[in-house]
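# got a structure for you, letters missing:
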Ligand SMILES: CC(=O)[C@@H](O)[C@H](O)COP(=O)(O)O
């Protein structure tokens, strides 16, 4: 059975795991590392502004190096200028061109500022970055980001940290159907079934943080997400049955003894 292990390729790099993990908010370093291992994730994102997290005994980058591909993110940035500067700092410090681009338009909602996001994407692509933008669940914005050269689009399921799951599954499905680049569902995931749904809708991968780091048992939850993402992907590839409005007997009615 190799189908659900078909690698996801982003900017020439292959990932056999389609689960990407955030690194913030774990109770301690051991739980974080155990959860990371249980998740099977091969890419983990860390905020470049908070890279030396309190509670971690050694630097987060040293901790992650050799285990996963580190994806610095621009969390906390509110303008294109700020995000570009942060990405450049990350490139310098971590020697990576990859960046998860977050440009926030509202501190309470943590919703993207689309105008600034597009501006920052264009500039960072022109500077040679591999840009993975966190964006609205809006097909027009996703198309614009792809046109500007984003390596993926990462529409939100719902607001960051809410655990509300996928607020608009129809739109996520539509984005997946139209996107020329891989779609990574990012943010708002609450539990394993949300991640399975994302994959069933056609997402190439899922990025999440809070649902694991704040779970009662983060390590088990990380394992649950690993299975959910694989299961959802497998279901997607298998082709689900159409939904019907009327019952249809699942057992044949003819050829039974006495019929
Ligand atoms: C870690 C990170 O990048 C978050 O900003 C991301 O969007 C995940 O959100 P959740 O914590 O809701 O999974």
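It's in. Since the structure is predicted, the reported quantities are computational estimates derived from the model, not experimental observations.
# do you know how far residue 22 is from residue 59?
Counting by CB to CB, to the nearest Å, the separation of residue 22 from residue 59 is 17 Å. Yep, even glycine has a C-beta here, placed from its N, CA and C like the rest.
# neighbour count winner among the two?
Using other CB atoms under 10 Å as the criterion, residue 22 and residue 59 rank with residue 22 on top: 26 against 12.
# what sits against the more buried one?
By CB atoms under 8 Å, 6 or more residues apart in numbering, the contact set of residue 22 is 44-46, 207-210, 213.
# Bridged to it, which residues?
Counting by DSSP bridges, residue 22 is bridged to residue 45.
# what ranges do the strands span in the stretch 151-259 of the chain?
154-155, 184-186, 205-208 (DSSP state E, counting those that start in this stretch).
# I'd like to know how far whatever residue of the chain ends up closest to the ligand sits from residue 134.
At 2.7 Å from the ligand, residue 22 is the closest residue in the chain, using CB to the nearest ligand atom. Distance of residue 22 to residue 134, computed by CB to CB: 11 Å.
# do residue 235 as well
For residue 235, the distance to residue 134 - CB to CB - is 26 Å.
# try residue 25
Residue 25 is 17 Å from residue 134, by CB to CB.
# Looking at these two, which has the bigger crowd around it?
residue 134 (26 against 15).
# thinking that one is in contact with residue 188, fair?
No: using CB atoms under 8 Å, residue 134 makes no contact with residue 188, being 11.1 Å away.
# Now do the shared contacts for those two.
residue 156.
# Show me what from the stretch 51-200 of the chain comes close to the ligand.
73, 75, 100, 134, 160-161, 186-189 (CB under 6 Å from any ligand atom).
# State the three-state secondary structure for the closest residue to residue 155 other than its chain neighbours.
In space, and not counting its chain neighbours, residue 155 is closest to residue 137: 4.3 Å by CB to CB, 6 or more residues apart in numbering. Using DSSP: H, G, I helix; E, B strand; the rest coil, the structure places residue 137 in coil.
# how far away is residue 137 from residue 199?
16 Å.
# Who has more neighbours out of those two?
More crowded of residue 137 and residue 199, by other CB under 10 Å: residue 199, with 26 against 23.
# Would you check how far apart the more buried one and residue 242 are?
Counting by CB to CB, the gap from residue 199 to residue 242 is 19 Å.
# Ok, residue 203 next?
21 Å.
# Repeat that for residue 25.
Applying CB to CB to residue 25 and residue 242 gives a distance of 41 Å.
# Local confidence estimate at the residue positioned nearest the centre of the chain?
Centroid-nearest residue in the chain, with CA atoms, centre = their mean: residue 207, separated by 2.1 Å. At residue 207, the pLDDT value in this model is 98.
# Spit out the contact partners of it.
20-22, 45, 100, 154, 184-187.
# what's across from it in the sheet?
With DSSP bridges as the rule, residue 207 is bridged to residue 20, residue 186.
# Find the residue ranges of this structure scoring beneath the pLDDT cut-off.
1-5, 50-58, 253-259 (pLDDT under 70).
# how about a cut-off of 90?
1-6, 48-67, 93-94, 248-259 (pLDDT under 90).
# which residues in it form helices?
Secondary structure of the chain, counting by DSSP state H: helices at 29-39, 60-64, 80-94, 114-126, 139-147, 169-178, 192-200, 210-213, 218-238.
# would you turn these into CSV with distance to residue 252?
Below are the helices of the chain laid out as CSV (distance: least, CB to CB, whole Å):
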stretch, distance to residue 252
helix 29-39, 43
helix 60-64, 55
helix 80-94, 60
helix 114-126, 54
helix 139-147, 42
helix 169-178, 33
helix 192-200, 28
helix 210-213, 43
helix 218-238, 22
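# Surely residue 214 touches residue 25?
Yes: under the criterion of CB under 8 Å, residue 214 makes contact with residue 25 at 6.0 Å.
# what's the spacing between residue 228 and residue 197?
In terms of CB to CB, residue 228 sits 9 Å off from residue 197.
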